[in-house]
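1. Here is a sequence together with a model predicted from it:
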Amino acid sequence: MKQGESHVILLGRMANLALSCITDEEALSVTARFLPQLFPRETGVLYIRSAGREHYEPVVFWGDEREWTALTGQECWALRRRRIYIVGGAREQPPCPHGDFDPEGFTSFCIPMSDRKESFGLLHLLVPVSKEGAKESHGNRENDVEDLRRLAALTADVLALLFVNLRLRKKIDDLSVTDSQTGCFNRAHWELNLEREIKAAQRTGRHLAIILMDIDYFGRFTENHGHGASSKVLQSLGRFVRENIRDVDVPSRYGADEIALFLPDTTGETARQRAENLHEKMRDLSLRDGHAHMRRITLSMGVAAFPDQGETACDLIESVKKALKRAKKEGRNRIVGGDGP
């Protein structure tokens, strides 16, 4: 089999697996498997742009041992120009500011990954060159550089397709405002509404409170009883919460085993009473017919109120998280109120 044909097969296999990935972790695992096979004699690194920032983090690397560090879009000619940038050999161009290599010993390829609006990744390859000027990995012919450029560009296109696909999946998930297991709102929708409610409370001087509850030892429960039982618990808990709050209260599945509520026009003291009421009713729930699976379930809760524990959504969430953490540290199956700012 010719080398070009083997590269096409590898790219096809990578693309086939990549388009089935549903998380960033899976995508990076697939990438880490195939990049060293596609470029076995090169040293390389894949950078991915951090969400909401101009920093590109090294997430996959192979070949010679090097200390790869994060870079900004201004530190790479390829990211600035949004096109492939090659340094070394007959190309007398200035190296990228992030390029820590000897231009006489390597040919450097920087290949940006982008969609129509923005760059979100960079594939960087270092190709060793012998002292006589011949490339150790592909011979000394200029067309070998062109072959490598084409392969690198095609690989970057496949990777770009992969990460665009993941972003679209996330956007579609975010458009669905409810969580399928609990029937509560998803976290993104809940946090968006919390921001709006806090801004309204700031204008009007009204109160607002948050309750964050966590299922105690849920990981252990899942290990002992299986995912089917844990799913049933989440369904029951979501239904229980939705049936025992006011119409104006907003519930959310905040984490894997966490339910969050924000309660408009509610002081911290009233929110604590509401949390205690839910805690008591939760114990009664396990005694009902058809709810035997809830008998091993207890809840830890944190409570925080605006403006006493925070005047912004970020501060309020941080406060209620700390309160929940204390509840778990103090023995679980209890309620703890947040401290002042």
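-> Thanks, I have it. Bear in mind the structure is a predicted one, so any value in this text is a computation, not a measurement.

2. so which strand or helix has residue 21?
-> Assessed by DSSP states H and E, residue 21 sits outside every helix and strand.

3. how about it, what does it touch?
-> 27, 30, 162, 165-166 (CB atoms under 8 Å, 6 or more residues apart in numbering). Where C-beta positions appear, they are placed from N, C-alpha and C, glycine not excepted.

4. Among those, which ones are in helices?
-> Counting by DSSP state H, the contacts of residue 21 place 27, 30, 162, 165-166 in helices.

5. circling back to that earlier point, columns neighbour count, distance to residue 246 and pLDDT on top of the contacts of residue 21, output as JSON lines?
-> What follows is the contacts of residue 21, written out as JSON lines (neighbours: other CB atoms under 10 Å; distance: CB to CB, whole Å; pLDDT from 0 to 100):
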{"residue": "27", "neighbour count": "23", "distance to residue 246": "42", "pLDDT": "86"}
{"residue": "30", "neighbour count": "22", "distance to residue 246": "46", "pLDDT": "89"}
{"residue": "162", "neighbour count": "22", "distance to residue 246": "44", "pLDDT": "86"}
{"residue": "165", "neighbour count": "16", "distance to residue 246": "41", "pLDDT": "83"}
{"residue": "166", "neighbour count": "18", "distance to residue 246": "38", "pLDDT": "83"}
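
6. Sketch out the low-pLDDT regions of the stretch 201-341 of the chain for me.
-> Low-confidence segments of the stretch 201-341 of the chain (pLDDT under 70): 289, 340-341.

7. Strands along the stretch 51-200 of the chain, start to end?
-> Remark: strands assigned in the stretch 51-200 of the chain by DSSP state E, counting those that start in this stretch are 55-62, 71-72, 85-87, 106-114, 119-128.

8. right, so of the ones you listed, which gets closest to residue 15?
-> The minimum distance between residue 15 and the strands of the stretch 51-200 of the chain falls on strand 106-114, with 14.1 Å, by CB to CB.

9. what's in contact with that closest one?
-> 76-79, 82-89, 91, 95-96, 99, 101, 119-129, 135, 145, 148-149, 152-153, 155-156, 159-160, 163.

10. ok, so of the ones in helices among the contacts of residue 21, who is nearest residue 53?
-> Distances from residue 53 to the ones in helices among the contacts of residue 21, taken by CB to CB, are shortest for residue 166, at 17.7 Å.

11. Many thanks, I have nothing further to ask.
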